[in-house]
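A.B. asks: Turn this into a structure:
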Amino acid sequence: MPWELIIWLISAALCVVLLMQPVWEYPLPRWLDGIAWGWALGGFPLTVGRMVTTWRRLCIATDLAVTNRPRHAVIAGDLMVSGSPLRPSVPRLGLPRLTRSGLRLRIRMLPGQTPALYLAAAEAMTHDWRVYGVRVVSPRRGWVTITATARDPLADGAAGVVARSVRLLSAVVGLTEDGGPWGIDFRAVPHWLVVGATQSGKSTLLASLVSELAPQPVALVGIDCKGGLELSLFEARLSALASNRGEAAALLAALVVEIEGRMAECRAAGARSVWELADGSRPVPLVVLVDELAELYLSDGSRESKRLAVECSTALLRLAQLGAALGLHLIVAGQRVGSDLGPGVTALRAQLGGRVCHRVHDEQTALMALGDLWPDAVAVAQSIGEDERGVAVATVGGSWLRVRSTHTTTEQARLTAMMHAKSTPAMPGLVHAVGGGDLS
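C.D. replies: Here you go, the predicted model:
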């Protein structure tokens, strides 16, 4: 039975289900929640029809077809004749599966093929199938997964995201390109690196994150060496805030002392992490927000400036290496992050498993954020336009996706922080460190 007929039958069945829903006593299946019915009943079967009818020609034109016959032959000794391969074989097109904003299918690669060939053909697929975009990933050896997006679900922002996280140290901060919620879970990925140029949406993401974490029993600590310009909005909910590099060095040193104390507690209790301690004796989780990483690493050449840069770099790296098991988590943000800031930046980057890359002005920052994990995501991140504020490429569930953070205004962020100010954990050691820190 042809794929076109199968898809049309499925679409007809979905149409019947939709029309009968008002008189049907049972709710729709969960997998149908959020489906755009115009796409499901019209665009989906049409797109599948285009895929089926153009697939063979597309494979031949983009070198996805292979042949068992040689591309050349030797005639009369040294005379070699070459030509086009005869009867090329193309990969078998998998069964398309409906998603919220497009479709997904798996393809088994032919012998000798690599995912790079399909990545190179993604642009041709986009035009031939007349969809918004096509993304290719290889979940396991020998297979590729092709995800086609009918329209950009991030174009209208993430205003429709209303779900809130109920898990400690996790936050729903926006929307993914497949229409689902975008969450940051510090228990699953302890530390995050966020990069983005001015007005790319980096501050909006931090505001959304703080708004989600504010109601939770979590201590929030801020380091904002731009005089506290960004993070002072949340000061009512912050247990401590450093607004210059002198205060930052003192605060980071105090945080190192804090995790060393937690390490001693775990050792005494025979536990490998704070999560193995009893609920009553477990220290409060700490989330440290660092805004503008470059301010910690840059030096004007003076001895004092170099000393502070080294102290900040060393302490931040120690927190990243030891903090995950001890209930301390980092989210480090910056406009530009590159190896030219110092060797400590590359070492720190290796400890920050979560990555979010907004629009950036230089390729090195995109490479620093995504290149070591997902090289194919670098070009996607660099294609984010100036009008796509809040749009980013982020690591999600072991892969990468285009995402958009929930738009949180300055007033909303400030009111949320004030609303939950009474639940701010008291950490006098950190406050004293900031108050007595070197203000140079």
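
A.B. asks: From the centroid of the chain, which residue is nearest?
C.D. replies: By CA atoms, centre = their mean, the chain has its centre lying nearest to Ala394, at 1.7 Å.

A.B. asks: Now do the contacts for that one.
C.D. replies: By CB atoms under 8 Å, 6 or more residues apart in numbering, the residues touching Ala394 are 182, 354-357, 400-401, 403. C-beta: built from backbone N, CA, C; applies to glycine.

A.B. asks: Most neighbours of all those residues, which one?
C.D. replies: Cys357 (31 neighbours; other CB atoms under 10 Å).

A.B. asks: So Gly133 versus Leu154, what's the distance?
C.D. replies: Computed as CB to CB, to the nearest Å, the Gly133 to Leu154 distance reads 11 Å.

A.B. asks: Look at these two and report which has more neighbours.
C.D. replies: Neighbour count, other CB under 10 Å: between Gly133 and Leu154, Leu154 has more, with 23 against 18.

A.B. asks: And Arg30, what's its pLDDT?
C.D. replies: Looking at Arg30, its pLDDT reads 49.

A.B. asks: no no, Asp387
C.D. replies: pLDDT, Asp387: 82.

A.B. asks: And Ala248, by the same measure?
C.D. replies: The score at Ala248 is 94. That number is its pLDDT.

A.B. asks: How many neighbouring residues does it have?
C.D. replies: Per other CB under 10 Å, the neighbour tally for Ala248 reads 26.

A.B. asks: That one reaches Gly222, doesn't it?
C.D. replies: No: assessed by CB atoms under 8 Å, Ala248 is found out of contact with Gly222, at 9.8 Å.

A.B. asks: anything in contact with each of the two?
C.D. replies: Shared contacts of Ala248 and Gly222, defined by CB under 8 Å, 6+ apart, comprise Ala242.

A.B. asks: just for this protein, where's the confidence low?
C.D. replies: Scanning the chain for pLDDT under 70 picks out 1-39, 68-86, 156-166, 437-440.

A.B. asks: can you pull out the helices in it?
C.D. replies: Along the chain, the segments classed as helices by DSSP state H run 3-20, 37-38, 44-61, 115-120, 122-129, 202-213, 245-269, 294-297, 303-322, 343-351, 363-366, 376-382, 410-419, 428-435.

A.B. asks: Off-centre distance for the third one?
C.D. replies: Taking the mean of its C-alpha atoms, helix 44-61 sits 31 Å from the chain's own mean (CA atoms, centre = their mean, to the nearest Å).

A.B. asks: Is Arg402 bridged to anything, and to what?
C.D. replies: Val393 (DSSP bridges).

A.B. asks: Dump stretch 336-353 to CSV, keeping only the CA atoms.
C.D. replies: C-alpha atoms of stretch 336-353 as CSV (Å, rounded to 0.1, in the frame of the first residue of the first chain):
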residue,chain,number,x,y,z
ARG,A,336,31.8,36.9,24.5
VAL,A,337,33.5,33.8,25.8
GLY,A,338,36.8,32.8,24.1
SER,A,339,40.2,31.2,24.9
ASP,A,340,41.7,34.7,24.7
LEU,A,341,40.3,35.4,28.2
GLY,A,342,42.8,33.0,29.6
PRO,A,343,43.4,29.2,29.9
GLY,A,344,41.0,29.1,32.9
VAL,A,345,38.0,29.7,30.5
THR,A,346,38.6,26.6,28.5
ALA,A,347,39.0,24.5,31.7
LEU,A,348,35.8,26.0,33.1
ARG,A,349,33.9,25.4,29.8
ALA,A,350,34.7,21.7,30.1
GLN,A,351,32.8,21.6,33.4
LEU,A,352,29.7,23.4,32.1
GLY,A,353,27.7,20.6,30.5
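
A.B. asks: contacts for that stretch?
C.D. replies: With contacts defined as CB under 8 Å, 6+ apart, stretch 336-353 is touched by 189-193, 195, 293-294, 297-298, 309, 313-314, 316-317, 320-321, 330, 332, 360-362, 364-365, 368-369, 372, 395.

A.B. asks: So Cys312 sits against Glu247, correct?
C.D. replies: No: if you go by CB under 8 Å, Cys312 and Glu247 don't touch, sitting 10.7 Å apart.

A.B. asks: Give me the buried entries from the contacts of stretch 336-353.
C.D. replies: Among these, those buried by neighbour count (16 or more other CB atoms under 10 Å) are 189-193, 195, 293-294, 297, 309, 313-314, 316-317, 320, 330, 332, 360, 365, 368-369, 395.

A.B. asks: Name the nearest residue to Ile331, ignoring sequence neighbours.
C.D. replies: Residue nearest to Ile331 in three dimensions, not counting chain neighbours: Trp192, with 4.6 Å by CB to CB, 6 or more residues apart in numbering.

A.B. asks: What of Ala433?
C.D. replies: Ala433 sits nearest to Ala254 (CB to CB, 6+ apart), 3.6 Å away.

A.B. asks: what's the answer for Arg50, then?
C.D. replies: Distances taken as CB to CB, 6+ apart place Trp129 nearest to Arg50, at 5.1 Å, with adjacent residues excluded.

A.B. asks: The one you found contacts Met51, correct?
C.D. replies: Yes: with contact defined as CB under 8 Å, Trp129 reaches Met51; the gap is 5.6 Å.

A.B. asks: returning to what we had before: which ones are touching the residue nearest to Ile331?
C.D. replies: Listed by CB under 8 Å, 6+ apart, the contact set of Trp192 reads 184, 330-332, 352-356.

A.B. asks: again, 7 Å this time
C.D. replies: Trp192 makes contact with 184, 331, 352, 354, 356, according to CB atoms under 7 Å, 6 or more residues apart in numbering.

A.B. asks: How about it: which residues does it bridge to?
C.D. replies: Note on Trp192: beta-bridge partners by DSSP bridges are Ile331, Gly354.

A.B. asks: what about it, distance to Ala413?
C.D. replies: 18 Å.

A.B. asks: now Ser203
C.D. replies: As judged by CB to CB, Ser203 and Ala413 stand 9 Å apart.

A.B. asks: Now do the closest residue to Lys306 other than its chain neighbours: how many residues are near it, please.
C.D. replies: Computed as CB to CB, 6+ apart, the closest residue to Lys306 that is not its neighbour in sequence is Ser299, at 5.0 Å. By the criterion of other CB under 10 Å, Ser299 has 16 neighbours.

A.B. asks: Next up, the contacts around Ser299.
C.D. replies: Listed by CB under 7 Å, 6+ apart, the contact set of Ser299 reads 305-306, 309.

A.B. asks: From the residues you listed, pick the one nearest Gly390.
C.D. replies: Gly390 lies nearest to Ala309 out of the contacts of Ser299, by CB to CB, at 31.4 Å.

A.B. asks: how does the protein divide up, domain by domain?
C.D. replies: 3-65+88-149, 170-435 (automatic domain parsing).

A.B. asks: Would you mind finding the most buried of these?
C.D. replies: Comparing those by mean neighbour count (mean count of other CB atoms under 10 Å), domain 170-435 comes out on top with a mean of 19.
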